[in-house]
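# Below: sequence and its predicted model.
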Amino acid sequence: MRKSIKTYCWNCQDCQWSKVTRHTVSPQQAFALPSNRFEAVHIDIVGPLPPANATTFGHQSARYLLTMVDRSTGWLEATPLESITAEVVAHAFVSSWVSRYGVPLYVITDRGRQFESEFFHSVSSSIGFHRLRTTAYHPQTNGKVERAHRTLKTMLRSRGNDWLTDLPVALLAMHVAPDDQGISPFTRVTGELPMVPRILTSEPLAPTDIRTRLQELLSELPSPHAKTHEPRSYVPKDLEMAEFVWVRVDRVRSPLEAPYSGPYRVKQRTDKFFVIFLPSGNTESVSIDRLKPARLSLPKSAVQPAANSLPEKAAKPEEPMDSSTPRATSSGRRVQFRRHNDYIYY
């Protein structure tokens, strides 16, 4: 009876879509670095920002920034925009990145309407780059540019001036700032140390010292497969074989709205995302961190028999067991139960 009750509660659909037990956290995977510089570019939009000075650099009422980050070198470009229509974003990307660094092989974007438009798709086909999209509500996929946003906005906020006026200085600081390995994006792109204002530097180094320092930094670079601290992951065991899944609602919900929607039938499975069927018949890629298995049907052991029918074993009671025979409990202990004459044992 205990097992039947547990199975019945475990398969309750109302509890599955309205209660949160434990979120799925997929294990981290190695981030494959591109072999060449400017091969993979992450782009995104920052804004809306406070109105900038209309006379600054000829930009009138700029409210947005189109940010572009190279995955290999970490080089950042930011272009002010007055609007974020698909035409404006595509023109800014071609004029600010493609004209300077060539056509990338991959462009990683989120699912903003500017990047999902037919115009941006036609631009990617005509120029010749592959457009990769992130899954919904999973900004970690585009974390390269999301982390750059945090640093850039912190710099612009700390200066307290007009953000459009401080933008070139902030970009210079991000270009020449060394990373964890002690190498700046400028050095990764050009192979030389940047020339910066003297007020931002310490004692100048001799050319021989600079060459020696670069050789030391290159020799101390860790392996791309070096072990790092990983957060604890959790993936339900039956998620890999689940035919239906619940999808977590990550947008702002109403007070009595359920935290999950669905269930949705699974079409394709990967290590990081599932492809599910929507009610409209279309398919959607969803991050595995937003999924949990849906248990829609009860197993045969938990199905209650009809009132006018008896189980096959109950139709003919078996001979009572000897009270001296030990029995195993659900925890595995061997015990002996005292026999009662008022009970029927099967």
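That came through fine.

# Am I right that Ser126 is in a strand?
No - the assignment for Ser126 is helix, going by DSSP: H, G, I helix; E, B strand; the rest coil, so no strand is present there.

# the longest helix in this structure is where?
Selection of the longest helix in the chain by residue count, based on DSSP state H, yields helix 143-159.

# Okay, buried residues for it please.
Of the residues in helix 143-159, those with enough neighbours to count as buried (16 or more other CB atoms under 10 Å) are 144-146, 148-149, 152, 155-156. (Each C-beta comes from the backbone N, C-alpha and C, glycine too.)

# cool, and stretch 16-26?
When neighbours are counted by 16+ other CB under 10 Å, the buried residues of stretch 16-26 are found to be 16-17, 24, 26.

# So which of those residues are in helices?
16-17.

# and the buried residues of stretch 16-26, which two are the farthest apart?
Trp17 and Ser26 (21.1 Å; CB to CB).

# Please enumerate the helices of the stretch 151-300 of the chain.
163-176, 185-190, 207-219 (DSSP state H, counting those that start in this stretch).

# ok, Gln140 - contacts?
Listed by CB atoms under 8 Å, 6 or more residues apart in numbering, the contact set of Gln140 is empty.

# ok so, going back, and the longest helix of the chain, what other elements does it pack with?
Under the contact definition 3 or more CB pairs under 8 Å, 6 or more residues apart in numbering; DSSP states H and E, helix 143-159 sits against strand 40-46, strand 64-70, strand 76-81, helix 163-176.

# Quick check: which of those is nearest to Tyr264?
Between Tyr264 and these, the shortest separation by CB to CB is 27.8 Å, and it involves strand 40-46.

# List the pairing partners of the closest one within its sheet, with orientation.
Sheet neighbours of strand 40-46, with direction, are listed as strand 64-70 (antiparallel), strand 106-109 (parallel) (DSSP bridges).

# Tell me the helix or strand right after the shortest one.
If you walk from strand 106-109 toward the C-terminus, the next helix or strand you reach (DSSP states H and E) is helix 113-116.

# residues contacting the nearest residue to Arg232 once chain neighbours are set aside?
Setting aside the residues directly before and after it, Arg232 is nearest to Val25 in space (CB to CB, 6 or more residues apart in numbering), at 7.1 Å. By CB under 8 Å, 6+ apart, the contact set of Val25 is 231-235, 289.

# could I get those as CSV with distance to Leu296, neighbour count and pLDDT?
Formatted as CSV, those follow (distance: CB to CB, whole Å; neighbours: other CB atoms under 10 Å; pLDDT from 0 to 100):
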residue, distance to Leu296, neighbour count, pLDDT
Pro231, 31, 8, 63
Arg232, 29, 6, 76
Ser233, 26, 11, 79
Tyr234, 22, 12, 79
Val235, 20, 16, 80
Asp289, 22, 20, 85
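
# Any chance of JSON lines for those, columns distance to Leu171?
Listed next are the contacts of Val25 as JSON lines, based on distance: CB to CB, whole Å:
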{"residue": "Pro231", "distance to Leu171": "32"}
{"residue": "Arg232", "distance to Leu171": "37"}
{"residue": "Ser233", "distance to Leu171": "36"}
{"residue": "Tyr234", "distance to Leu171": "40"}
{"residue": "Val235", "distance to Leu171": "40"}
{"residue": "Asp289", "distance to Leu171": "33"}
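
# Among those, which one lies nearest to Ser96?
When these are compared for distance to Ser96, the smallest value, 32.8 Å, is given by Asp289; criterion: CB to CB.

# from what I can see the closest one touches Pro27, true?
No - at 10.7 Å, Asp289 and Pro27 do not qualify as touching, with contact defined as CB atoms under 8 Å.

# And for Glu163, the neighbour number?
Actually, residue 163 is Trp. It isn't Glu. Using other CB atoms under 10 Å, Trp163 has 24 neighbouring residues.

# if I read this right, it contacts Pro50, doesn't it?
Yes - with contacts defined as CB under 8 Å, Trp163 counts as touching Pro50 at a distance of 6.9 Å.

# For this structure, name the helix or strand with the lowest mean pLDDT.
For the chain, the helix or strand with the lowest mean confidence is helix 312-315, at a mean of 41 (criterion: mean pLDDT, DSSP states H and E).

# where do the strands sit along the stretch 151-300 of the chain?
Per DSSP state E, counting those that start in this stretch, the stretch 151-300 of the chain has strands spanning 244-248, 260-269, 273-277, 283-287, 291-293. These are given in chain order.

# how much does the second one deviate in direction from strand 244-248?
With axes from the mean of the first three to the mean of the last three CA atoms, to 10 degrees applied, the angle from strand 260-269 to strand 244-248 works out at 130 degrees.

# Can you list the strands that strand 260-269 pairs with?
Note on strand 260-269: by DSSP bridges, its sheet partners are strand 244-248 (antiparallel), strand 273-277 (antiparallel).
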